[in-house]
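In: Return atomic coordinates for the entry below.
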Amino acid sequence: MDKQMWILLLIVFTFNGNSELSQRNILCPSVCVCDGETATCEGRVGSYLRYIPPLPENITSLVFNSNDLGYMGETAFTNLSKLHLTRLDLRRNRIGFIDKKAFNVLPHLQFLDLSENTFFRSRKLHNTFYGLQNSSLKEIRLTNMRYSKLSNDFFTYLNNTSLERVFFDNNDIITSNIGYVLSPLSTYLQEISFKSNRISNFSLNIIMPKLEIIVLSKNKLLSVPNFCYRHDHKPRLPNLKVLDLSNNLIYVVKRSTFYRKCFPRLQNLSLGFNRIKTLDKNFISHIPFLDYLSIENLDPDLILNEYALNSSSLQYLYMGNKFNVLKYRRNLFYYTRNLRILDMTGVQFASSRKQNEKIFQLFQPLSRLEELTLNNTRLSTFPSSLFQLLPNLTKLYLDDCDFDQNHLKMIFASVSLKILLLDNNLITSLNESNIPTMIELISLKGNPFLCTCDLVWFRNWIEVNSNHLIGWPNDYKCYLPQEWKGKNLADFHLSYLSCHPINPYIIMAISISFAVLVIATVSCIIYKKRWHIKYYLYLLRAKKRGYEVLGGDDFAYDVFVAYNSDDRIWVISEMIPRLENEEHLKLCLHDRDFQAGKLIVDNITEAMHKSRKILIILSNSFAQSHWCRFETVMAQLRSMNHGETTVVVVVLENILTKNMNNSLHLLLKSTTFIEWTNEKTAKEMFWDRLVSALKP
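Out: Presented below is the predicted three-dimensional model:
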C-alpha cells in the first residue's frame with residue numbers, strides 16, 4: 001500500500017513539474033509583440049483574434065485591442081491564470097458578454113479598460129463585475145460605450161475593492177443618479193471622469209472622503225453642482241482638489257457658489273467655455289487653496305466685477321476672452337499678487353485716452369509674474385517702464401499683435417526675459433538697437449520682412465544666432481520688394497557695396513583727376529554723370545544771376561508736384577480734387593504751369609524755388625525717367641538747405657530694386673514717405689497725413 005502511495009505522489013509531482021516547466025517555456029505568440037513585461041496583441045484587417053492565447057510567464061500587462069472576442073465564457077482568461085497580470089486593456093473587441101466568473105482567475109488585476117465595446121450593455125457588465133469583487137482593481141475605464149443610463153446597483157459587486165479611478169468619458173449619459181451609482185465605491189474613490197456626456201444635473205448624496213478629481217467637461221450642466229449639505233454646509237468631498245466644469249451651459253456664478261466650507265482643499269477650477277455672463281466679486285476668495293483658474297471663452301458680453309479675481313493663493317490664471325479689460329477699474333489684479341502665469345489671449349485693451357497709463361496700473365501689482373500671454377490682443381506698444389515692475393518675467397507671448405521694430409526696445413527693457421514670441425506682427429527689419437542680447441529663444445514667424453539693405457544686419461545676425469530663432473529657416477519669408485515677395489529669407493543676401501553707394505562728390509573728384517591723365521576716361525565719366533554736371537552748372541549760373549531763396553509768404557505756389565506723365569491720371573483724378581478743390585492748396589504742375597519756350601532745367605528749378613513745399617509722386621515710371629531723377633536731386637538740395645519738412649514723398653507702388661538708384665535710395669532713407677492705398681479706410685488716413693505734411 002505504501003509503495004502504491006509513493007508511486008502516485010511521484011506521478012502527481014512529475015505532472016505539476018512538467019506543467020510549470022511548460023508555462024516557463026511559453027514563447028510570445030506570433031500574432032503578438034512582447035516588450036519586457038508587456039504583451040500587445042492588436043487585430044488587423046483580416047486577422048482578428050477570437051481568443052486570448054497563452055503568454056510568457058513574465059507578462060504583467062496585456063494590451064488586447066481591435067479583435068473579435070464577442071461572447072467570453074467562464075474560461076475566457078484561463079490562458080492568463082498562471083500570470084501575475086495587473087493591467088488588462090480590452091478596447092474595441094466587440095465584446096457583448098463576459099461570464100461573471102471569468103475574472104476569478106485574475107486576482108491581481110489593478111487596471112481594466114473595456115472602452116469602445118459598444119455591444120456590451122450596462123446590465124450585463126454589472127453581472128461581469130461579480131468576478132472582480134475580490135480583485136485588487138484600482139482603475140476601470142468605460143469610455144465610448146454608448147451608455148445613456150446606469151442602474152443604482154451598477155458597481156454593487158465592487159464595493160469590497162479599493163477602486164480609485166473610474167472613467168465614463170464620451171458616452172451619452174444623462175442620468176442624475178450618479179451619487180447612487182458611485183455609492184459602493186465611496187470609501188476609496190479618488191478620481192471620476194464623465195467628460196463628453198449629456199449630464200444636465202450632477203449631485204452626490206454621499207460623503208466621498210478621498211475623492212480628489214472630478215471631470216465634468218463637455219456636458220450640459222446649467223449651474224455649478226452643489227457639493228455641500230444644505231443645512232450645515234458640511235462638504236461631501238472634503239479632499240476635492242480638481243474640478244473641471246468647462247464646456248457646459250453654466251450662465252451664472254454667484255459670490256456664494258463656491259462657499260468656503262464646501263471646497264476646503266480645491267486647487268484647480270476650470271470654468272472656461274461656458275455661457276457665464278457675470279463673475280461676481282470675491283467669487284473665488286472663499287477657496288483658500290485655489291492655485292489654478294480657467295475662465296477663458298465665456299460670454300462675449302462678460303461682466304467681470306472689479307474684485308472678482310480676489311485670491312491670495314491663485315498662481316495660474318487663464319482668462320482669454322474678447323472683452324475690453326480696460327473698461328473695468330484698473331485694480332483688477334490688485335488682490336491677485338501671487339500670479340505666476342497669466343494668459344489673456346484675445347483680451348482687448350481699448351481706451352479712448354491714457355491707454356498706457358491704464359495698462360501700467362493694471363499690471364503693476366503682478367511683480368511675481370513669470371509668464372504672460374497676450375496673443376491676439378492687437379497691442380502695439382507698452383508703457384515704457386512696465387517691465388521694470390515685472391522683474392521675474394521670463395516668458396512673453398505676443399503673437400498676432402501690432403508690434404513693429406520701433407516698439408521692441410520697451411519689451412527688451414526686461415533683463416529677465418528668456419523666451420519671446422512675436423509671430424504675425426508688423427516687424428519689417430531689426431538691427432543692433434532693437435534686438436535682445438540675453439534672450440534664449442525668440443520667434444518672429446509670419447512678419448512682413450522688407451528684404452532691402454535695412455535687413456542686412458539682421459540677416460547676418462541670424463547666421464550666428466539661428467539656434468535662438470524658433471522656426472528658422474522655413475517660416476521666414478520676404479514680404480517686399482515685389483521681386484522677393486514670398487521667397488525664403490534664408491536666400492536673401494546683399495553685398496556691402498550694394499547697400500553703401502559711393503558718394504557722388506568723391507566720384508566727381510576722381511573723374512576730374514582722371515581727366516588730366518586719360519581723355520577717354522574723362523569723356524566716359526562725363527557722359528555717365530551728365531545729369532550731375534547739368535545740375536552743378538545750373539547752380540553756378542543761378543549764383544551769377546544773384547538768385548536768392550524766397551521766404552515768408554512770398555511763394556508763388558504752395559506745392560511743386562514732381563511726377564511722371566504715366567501717373568497723370570492719378571494726379572488729375574485723385575490729387576487735384578482733394579488738394580486744390582477741397583484743401584485750396586495752389587499746386588505747380590509741369591503739364592499746366594511750366595512756361596513754354598523756356599529750358600526744362602530752368603522751369604524745374606525756378607518752379608521749385610517759388611514753391612513752399614515739394615511733393616514727389618514716386619513710381620517705377622518716375623524712377624526710370626531722367627528728368628524725374630533731376631527733380632529728385634533738386635529736391636534733395638532743397639531738403640538739405642531748408643530742412644526735411646520741405647520735401648514730401650508719396651509712394652504710389654512698390655519700387656523694383658532695378659529702378660532704385662542712389663538718389664532715390666538716399667531720399668527714402670532721409671525722408672518720411674506716405675504710401676498710397678486703394679483701401680477706403682486707409683485712403684482717408686493717407687489724405688489726412690498728406691494734407692498735414694503740406695500745409696504750413
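
In: Now the residue lying closest to Leu656 once chain neighbours are set aside, what are its backbone angles?
Out: Leaving aside its chain neighbours, Leu656 sits nearest to Asn620 (5.9 Å; criterion: Cβ to Cβ, 6 or more residues apart in numbering). C-beta here means a position set from N, CA and C on the backbone, and glycine is covered the same way. Torsion angles at Asn620 (phi, psi; degrees, to the nearest 10) stand at phi -70, psi -30.

In: give me every residue that touches Asn620.
Out: 653, 655-656, 659 (Cβ atoms under 8 Å, 6 or more residues apart in numbering).

In: The stretch 501-650 of the chain: strands as residue ranges?
Out: Taking DSSP state E, counting those that start in this stretch as the test, the strands found in the stretch 501-650 of the chain are 557-562, 587-588, 611-618, 647-651.

In: Serialize those strands to CSV and add fields for mean pLDDT and distance to Glu684.
Out: As requested, the strands of the stretch 501-650 of the chain are arranged in CSV below (pLDDT from 0 to 100; distance: least, Cβ to Cβ, whole Å):
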stretch, mean pLDDT, distance to Glu684
strand 557-562, 90, 20
strand 587-588, 92, 21
strand 611-618, 89, 19
strand 647-651, 88, 15
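
In: Out of these, the one nearest Leu189 is which?
Out: Closest approach to Leu189 among those (Cβ to Cβ): strand 647-651, 69.9 Å.

In: what does that closest one contact?
Out: By Cβ under 8 Å, 6+ apart, strand 647-651 touches 613-619, 635-636, 638-639, 667-668, 671-676, 690, 693-694.

In: got the angle for that strand vs strand 611-618?
Out: 20 degrees (axes from the mean of the first three to the mean of the last three Cα atoms, to 10 degrees).

In: Pairing partners for strand 647-651, with directions?
Out: Sheet partners assigned to strand 647-651 using DSSP bridges are listed as strand 611-618 (parallel), strand 673-675 (parallel).

In: Give the buried residues for the shortest one.
Out: Taking 16 or more other Cβ atoms under 10 Å as the neighbour-count basis, strand 673-675 is seen to contain the buried residues Ile674.

In: export the strands of the stretch 501-650 of the chain to CSV and tack on distance to Leu469 and mean neighbour count?
Out: Below are the strands of the stretch 501-650 of the chain laid out as CSV (distance: least, Cβ to Cβ, whole Å; neighbours: other Cβ atoms under 10 Å):
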stretch, distance to Leu469, mean neighbour count
strand 557-562, 42, 24
strand 587-588, 48, 21
strand 611-618, 34, 23
strand 647-651, 30, 22
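
In: How about the contacts made by Val33?
Out: 39-41.

In: Identify the bridge partners of it.
Out: Thr40.

In: and the nearest residue to Gln482 once chain neighbours are set aside, which of the three is it?
Out: What sits nearest to Gln482 in space, not counting adjacent residues and going by Cβ to Cβ, 6+ apart, is Asn654, at 4.8 Å. On the three-state scheme (DSSP: H, G, I helix; E, B strand; the rest coil), Asn654 is labelled coil.

In: correct me, but Asn654 touches Pro481?
Out: Yes. Counting by Cβ atoms under 8 Å, Pro481 is a contact partner of Asn654 at 5.5 Å.

In: Who has more neighbours out of those two?
Out: Pro481 (17 against 14; other Cβ atoms under 10 Å).

In: ok, now how distant is that one from Lys658?
Out: 10 Å (Cβ to Cβ, to the nearest Å).

In: now the helices for the stretch 51-200 of the chain?
Out: Secondary structure of the stretch 51-200 of the chain by DSSP state H, counting those that start in this stretch: the helices cover 122-128, 178-182.

In: tell me the most buried of those?
Out: Mean neighbour counts were compared across the helices of the stretch 51-200 of the chain using mean count of other Cβ atoms under 10 Å; the top stretch is helix 178-182, at a mean of 20.
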